[in-house]
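Enquirer: sequence-free structure coming up:
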């Protein structure tokens, strides 16, 4: 059984920062790659970032490279997304998932956390 709870969203001005957290109840969490995704209003859900099981490898969507940082704490079963220099078009609901590659596997989409970036 997989349970993922995202938090840390909020309202921020353009150029600001937020740190999202994902609390994961996943068997053998430290053996799974984890990803962040987002769904802007009225648009398709999209990939944001992925981190390998041991944190040694990270990949990002081109649109967030250099501004977002994904990290994890396997001792706490947590995944984080540090978001800097936020843009209004990054207003979205952000989700975390267990992934293979950048494809979500096992579990389902949770409630996510709302990020609103004002201009």
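Expert: It's in. Everything numeric in this text was worked out from a predicted model, so none of it was measured.
Enquirer: now do the same contact list for the residue nearest in space to the middle of the chain.
Expert: Centrality entry for the chain: nearest residue to the mean C-alpha point is residue 36, 2.7 Å, by C-alpha atoms, centre = their mean. When the contact criterion is C-beta atoms under 8 Å, 6 or more residues apart in numbering, the partners of residue 36 are 20, 22, 48, 49, 50, 70, 79, 81, 94, 95, 96. To be clear about C-beta, it is placed using only N, CA and C from the backbone, and glycine gets the same treatment.
Enquirer: that one falls within a strand, correct?
Expert: Yes: in this structure, residue 36 lies within a strand as judged by DSSP: H, G, I helix; E, B strand; the rest coil.
Enquirer: quick one, grab the pLDDT at the residue lying closest to residue 81 once chain neighbours are set aside.
Expert: The spatial neighbour of residue 81 that comes closest, neighbours along the chain excluded (C-beta to C-beta, 6 or more residues apart in numbering), is residue 20 at 4.2 Å. pLDDT for residue 20: 98.
Enquirer: same question, residue 73
Expert: Residue-level confidence at residue 73 comes out at 98, pLDDT.
Enquirer: measure residue 54 to residue 33 for me?
Expert: 10 Å (C-beta to C-beta, to the nearest Å).
Enquirer: what's around the residue nearest to residue 118 when sequence neighbours are not counted, how many residues?
Expert: Nearest-residue entry for residue 118: residue 13, 5.4 Å, with adjacent residues in sequence omitted and distances by C-beta to C-beta, 6+ apart. With neighbours defined by other C-beta atoms under 10 Å, the count for residue 13 comes to 10.
Enquirer: now do the strands in this structure.
Expert: The residue ranges that make up the strands of the chain, judged by DSSP state E, are 3-7, 10-13, 18-25, 33-39, 46-51, 58-60, 68-73, 78-83, 92-100, 103-104, 113-118.
Enquirer: I'm done for today, thanks for sticking with me.
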